[in-house]
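Undergrad: Need a 3D model of the following:
(2 chains)
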Amino acid sequence: MGAGHAHVLYRDRSSPVHRLPPEVKITAMVVFTVAVVATPREAFWAFGGHAILITLVAALARIGPGWLATRALIEVPFVVFAFALPFLGSGDRVHWLGLELSVDGLYGGWNILAKGTLGVLASLVLAGTTTPRDLLLGLDRLRCPQIVTQIATFMLRYLDVLVGEARRMRIARVSRGDDPRFLWQLRGFAAGIGALFLRAFERGERVYLAMVARGYQGRMPDVRRGAGAAGLRHWLAAATVPLAATGVATAAAVLG
Amino acid sequence: MDTLAMHISNGIINGPVAAVFAAFALAVLALCVVRGRQDLDERLAPMAGLVAAFIFAVQMLNFPIFTGAVSGHLLGGALATMLVGPWVGTLCVAVVLIVQALVFGDGGVAMLGLNITNMAVIGTAVAYPLVALLLRLLPRTVSGLAATAVVASVVSVLAAAMGFVVQYWLGGTTDLGSGLVGLAGTMAGVHLLIGVGEGLITATTVVTVAKVRPDLVYALRGRRIVTPDTPQVPAAGGAR
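TA: As a prediction, the model looks like this:
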């Protein structure tokens, strides 16, 4: 269970990016994404600059372009849908579409495509260099309320159980002739889900009570709390990427 | 396909509107943290985690509607409200969205405020009063509980979809003009189907839990459901 779904994206390497404390990486990633989104869409060169930044970080983290590309492909439907959104919403399709494609629609599509892809790549670099456990530790150090990190901790813990259990139940159903494709088969799916939920809960509750009995008070004991926390050096090192992105975004806004 | 509409990715809504909704979502989440702390006892803590994991997992297992061309997933607002209450429920859905954005790039990080507003805040805020009202009006039976779950799910999913339409109207990066009405129609149609699917899943899950462990269903606190057909079995975990 430990090597389950939640860890699928982590690339176990040794690199300067991997060694950075998680809170630094989360902050850098969020600031970078905001800078990308704030970049005016007409400045094509600026997005090239952002892409170079991401590529540099990925190379430094020894994450291959192939892995990044395949993982980013999973998100392609999202981008495609975003791309199709202007067309889906149009009332008078053909005419309006012809006009729109010339200016605003193309810019809009480009905007969504570029910013969406850069955002996904930034998330992938973060996920590829940080284990989910470290992510939670980082959120905790960023003064995220304890109730939120607690829910998130249990969520990641129970996720593997749920996903594995659901997969087994699905295989069991399919091998008995179920073809979960149409609306009327939702009932079997849903009935299975009720049982799945209850089973997972009863297991989870026992684990929780055992944790409480051993002194758990809503926060995981963190042996590395003092040792692994970010120093000024880490913040400065990680700040280079979002600062560069902010610079690019500002330049693009000023220069047009 | 619907996933995409609900998980707004970077660049669909412009920056200022995203910032306003981020501030709004943050304020609501802060309130939920304060109120949720009072709710979160030793029974609710693992339940909240499991509800979050459940929503996370079910959001990935898209249920295909028209042979895969249109697929949707549970938003979870109604389920979370019924099982862990509005405050913790909102936090559960928000945690799912935050982790999805950070780890999977599902929904842009800069758009988190919008996504949280739609699915976590609107989804639960609409579902909770409905659940409270319906449980008062309908007979306290399994079917009454199931009907409550279905209605709350459908309405909350539709409300969340309309939240997106409003946000797009305020700050969509591509001007749709009159196409906005079409967008609203498409969203409403697709989400009506999704809402029904979600309603079935929510109803079955809540009813299953309510039959075996009524103490775990937040919406049933202080109430009992009458189950004439099922003999009373000692609850797992003993009497509480």
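Undergrad: Tell me who's in contact with the nearest residue to B:G163 once chain neighbours are set aside.
TA: Distances taken as C-beta to C-beta, 6 or more residues apart in numbering or on different chains put B:N118 closest to B:G163, at 4.1 Å, once the chain neighbours are dropped. (C-beta placed from N, C-alpha, C; glycine too.) Listed by C-beta atoms under 8 Å, 6 or more residues apart in numbering or on different chains, the contact partners of B:N118 are B:M6, B:I8, B:A160, B:A161, B:G163, B:F164, B:Q167.
Undergrad: all helices of the stretch 101-250 of chain A, in order?
TA: Remark: helices assigned in the stretch 101-250 of chain A by DSSP state H, counting those that start in this stretch are A:104-129, A:132-141, A:146-175, A:186-213, A:225-228, A:232-255.
Undergrad: picking that back up, any idea which of the contacts of B:N118 the model trusts least?
TA: Among those, B:M6 has the lowest pLDDT, at 49.
Undergrad: Low-confidence ranges, chain B, go.
TA: By pLDDT under 70, the low-scoring segments of chain B are B:1-7, B:9, B:11, B:42, B:60-74, B:105-107, B:172-179, B:222-240.
Undergrad: Can you check which helix is longest in it?
TA: helix B:179-212 (DSSP state H).
Undergrad: how about the strands of chain B, start to end?
TA: Per DSSP state E, chain B carries strands over the ranges B:63-64, B:71-72.
Undergrad: Please name the residues that touch the residue most central in space within chain A.
TA: With distances taken as C-alpha atoms, centre = their mean, A:S123 lies nearest the centre of chain A, 4.8 Å away. Taking C-beta under 8 Å, 6+ apart, we find A:S123 in contact with A:M29, B:A101, B:L102, B:V103, B:F104, B:G105, B:V109.
Undergrad: can you list the residues you listed in TSV and add neighbour count and distance to B:V207?
TA: As requested, those are exported to TSV (neighbours: other C-beta atoms under 10 Å in any protein chain shown; distance: C-beta to C-beta, whole Å):
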residue	neighbour count	distance to B:V207
A:M29	23	41
B:A101	25	32
B:L102	24	34
B:V103	21	32
B:F104	20	31
B:G105	31	35
B:V109	26	37
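Undergrad: out of these, what pair is the most spread apart?
TA: Spanning the widest gap among the contacts of A:S123 are A:M29 and B:F104, at 13.0 Å by C-beta to C-beta.
Undergrad: which residues in chain B form helices?
TA: B:2-6, B:15-39, B:44-60, B:77-84, B:86-99, B:112-115, B:123-137, B:142-171, B:179-212.
Undergrad: contacting residues for B:A18?
TA: Residues counted as contacts of B:A18 (C-beta under 8 Å, 6+ apart) are A:V37, B:A110, B:M111, B:G113, B:L114, B:G171.
Undergrad: Check the gap between it and B:A110 for me.
TA: Separation of B:A18 from B:A110 (C-beta to C-beta, to the nearest Å) stands at 6 Å.
Undergrad: what touches both of the two?
TA: A:V37.
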